[in-house]
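Trainee: okay, here's the prediction I keep looking at, along with the sequence it came from:
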Amino acid sequence: MTQLTSVTVRGMRWTYLAGVAAAAVQIPYAAAMARLLTPEDFGLMALAYLVPRFAHHFAQGGLASAVVQRPSLTGRDVRVIFALALTVGSCCSAAVWLIAPYGAELVRGPSELTDLIRALALGLLITALGATSTGLLSRSMRYRAVALTDFISFVVGYCGVGITSALLGAGVWSLVYGTLGWNLLLALLSYALVRHSLRPLFDMREMREVMRFGGKVSVNGFLEYLTADLPKLAIGRYAGVAAAGLYDRAALLASFPLQQIQQAASKVLLPALSRIQHETGRLATSYADAMAVTTLVLFSLWAVIGASSEQLVALLLGGQWRGSAELVPILGLISVLGLVAQFSGTLVEAMGAVGGKVVIHLMQLLVLVAGTFVALLLRGGVHGLMTAVLASQLVKQILFYVWLDRLFPTVRRPVAQGYAQAAALSGLIWAALWSVQLVLAGRCPGSAILAAQLAAATVLALCCVRYGAALHGIRVARERGLLPAALTRPSARGQ
């Protein structure tokens with residue numbers, strides 16, 4: 001195992017540990033907040049966040065990615081990037097403040113929505129100023145520090161501030177305070193660890209050079225925002241604030257554990273792949289291996305979440321959120337497809353080939369807009385909109401597969417094999433959990449059914465880890481040391 005591979009594996013372990021820990025905190029937090037707030041509160045926050053998210057990717061300007069991907073980086077470069085962050089972040093924050101009333105009018109929200117949008121605009125400046133520090137941490141491959149800063153800022157800044165504010169009766173504003181607390185604490189902790197110069201250097205030539213790459217990253221992020229939030233905007237405008245709240249909580253329940261895994265891996269893979277961006281053979285192998293592990297894990301988790309969605313919603317969110325349960329399976333599948341595609345996006349970003357990524361996102365957006373128009377025309381409701389989103393994600397997945405197949409034709413078979421094995425395993429898990437529910441329905445409370453489903457899923461997972469050497473993703477995880485030796489030893493003896 002090379003030194004880079006060893007560092008990457010250690011980084012994966014740390015970031016996955018932080019992701020699991022964050023999920024463990026998020027679950028009781030979401031359960032508590034679902035009982036302290038109403039669907040209308042979550043709907044207002046979801047709609048308010050649409051406008052700042054519109055500017056979020058431009059506020060960062062792809063600066064963290066630019067810090068990581070650059071082949072060489074000097075102290076002067078850092079000062080230029082910080083100056084760019086200060087400029088772009090301030091402009092975006094001011095722009096959101098000005099257009100807040102028009103954003104509230106677009107989704108037909110109450111007057112309070114304008115104040116919520118303007119408060120969240122402050123987070124754009126905070127995030128932009130912290131982008132240089134977070135990029136430097138990732139570039140230096142200090143994965144333990146990245147994991148700890150992410151976890152601490154999430155637990156203290158987001159969950160701690162949010163739930164305290166809710167208990168004090170802040171209502172929807174508790175969600176705003178939690179978001180701002182998260183952004184601020186993450187920026188401060190990241191800076192404390194790298195302590196880069198805070199003297200901005202306004203060198204226009206070098207700032208344009210940074211923006212050549214960072215600007216394309218921002219455009220990609222903006223297009224991802226459109227494809228992710230267009231359905232939410234349509235729901236809020238045509239179905240109401242409460243429906244947007246149900247959608248928002250269903251999306252959280254369906255995607256949060258999956259996002260933790262994807263984000264943990266992306267934080268490690270971007271700096272690691274950037275260091276070998278000119279070594280085609282190693283990039284191809286890394287891509288095939290990452291896709292094998294990713295598809296196997298994410299599709300399996302989706303099967304667990306989707307098959308037990310009714311029990312999960314009832315137990316974690318409560319009776320007032322029952323309408324979210326039927327949205328969880330399809331939102332989970334949409335999330336899986338989007339997150340798997342993000343690994344392909346991370347690879348091309350590490351190579352600096354972000355132009356083709358823009359084209360793919362534009363094609364996805366066109367499919368989504370057309371599908372949304374048809375869904376609204378046919379009065380398909382929320383389910384019609386979800387079908388349009390699913391179709392757009394499938395198009396994105398196919399386009400990435402075709403593009404990377406041309407770049408790395410040698411990995412065509414292992415990548416396709418990874419997809420097929422992940423689909424088969426997720427089908428097996430879904431069937432097993434559905435059978436458990438069928439047997440126990442009407443005989444046991446929902447919590448007991450959920451416990452039995454999770455126990456069945458755990459048994460299947462352990463069997464795959466121990467005896468699933470034929471699965472490409474399991475084989476890669478063993479070879480890379482991603483699995484504890486105690487779990488794989490019996491299977492190794494069998495070989």
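Mentor: That came through, no problem. In this text, all values refer to a predicted model and were calculated from it rather than measured experimentally.
Trainee: in the stretch 301-450 of the chain, which spans are helices?
Mentor: 309-316, 328-351, 355-377, 381-407, 412-440, 446-467 (DSSP state H, counting those that start in this stretch).
Trainee: actually the stretch 51-200 of the chain, not the one I wrote
Mentor: For the stretch 51-200 of the chain, applying DSSP H, counting those that start in this stretch gives helices covering 63-69, 75-106, 112-139, 143-152, 161-167, 173-194.
Trainee: among the ones you listed, which is nearest residue 201?
Mentor: Nearest to residue 201, of all these, is helix 75-106, at 3.8 Å by C-beta to C-beta. (C-beta placed from N, C-alpha, C; glycine too.)
Trainee: re earlier: out of the helices of the stretch 51-200 of the chain, deepest packed?
Mentor: Of all the helices of the stretch 51-200 of the chain, helix 63-69 has the most neighbours on average by mean count of other C-beta atoms under 10 Å, namely a mean of 26.
Trainee: average pLDDT across that one?
Mentor: For helix 63-69, mean pLDDT rounds to 67.
Trainee: and residue 428, what pLDDT?
Mentor: 92.
Trainee: mind checking how far it is from residue 303?
Mentor: 8 Å (C-beta to C-beta, to the nearest Å).
Trainee: more crowded one of the two?
Mentor: Set side by side, residue 428 and residue 303 show more neighbours around residue 303, with 28 against 14, by other C-beta atoms under 10 Å.
Trainee: so who does that one touch?
Mentor: Residue 303 makes contact with 425-427, 429-430, 433 under the criterion C-beta atoms under 8 Å, 6 or more residues apart in numbering.
Trainee: again, but for residue 460
Mentor: Neighbours of residue 460 in contact, by C-beta under 8 Å, 6+ apart: 428-429, 432.
Trainee: now do 6 Å
Mentor: residue 429 (C-beta atoms under 6 Å, 6 or more residues apart in numbering).
Trainee: related to what we said a few turns ago, generate a PyMOL selection restricted to the buried subset of the contacts of residue 303.
Mentor: To isolate the buried members of the contacts of residue 303 in PyMOL, using 16 or more other C-beta atoms under 10 Å:
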select buried, resi 425+426+429+430+433
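Trainee: which among the contacts of residue 303 gets closest to residue 343?
Mentor: Closest to residue 343, out of all of those and judged by C-beta to C-beta, is residue 426, at 17.2 Å.
Trainee: please tell me I have it right and the closest one contacts residue 299.
Mentor: Yes - proximity of residue 426 to residue 299 meets the contact threshold set by C-beta atoms under 6 Å, at 4.1 Å.
Trainee: circling back to that earlier point, among the helices of the stretch 301-450 of the chain, which comes closest to residue 112?
Mentor: Nearest of the helices of the stretch 301-450 of the chain to residue 112, taken as C-beta to C-beta: helix 381-407 at 24.1 Å.
Trainee: tell me the angle of that closest one relative to helix 328-351?
Mentor: 30 degrees (axes from the mean of the first three to the mean of the last three C-alpha atoms, to 10 degrees).
Trainee: okay, buried residues for helix 381-407 please.
Mentor: 382, 384-393, 395-397, 399-401, 403-404, 407.
Trainee: can you check stretch 438-446 too?
Mentor: For stretch 438-446, by 16+ other C-beta under 10 Å, it's 440, 446.
Trainee: show me how far it is from its chain's centre.
Mentor: Distance of stretch 438-446 from its chain centroid, counting by C-alpha atoms, centre = their mean, to the nearest Å, is 34 Å.
Trainee: what about the stretch 101-250 of the chain, any weak spots by pLDDT?
Mentor: Across the stretch 101-250 of the chain, the ranges flagged by pLDDT under 70 are 210-222, 225-226, 229, 232-233, 236-241.
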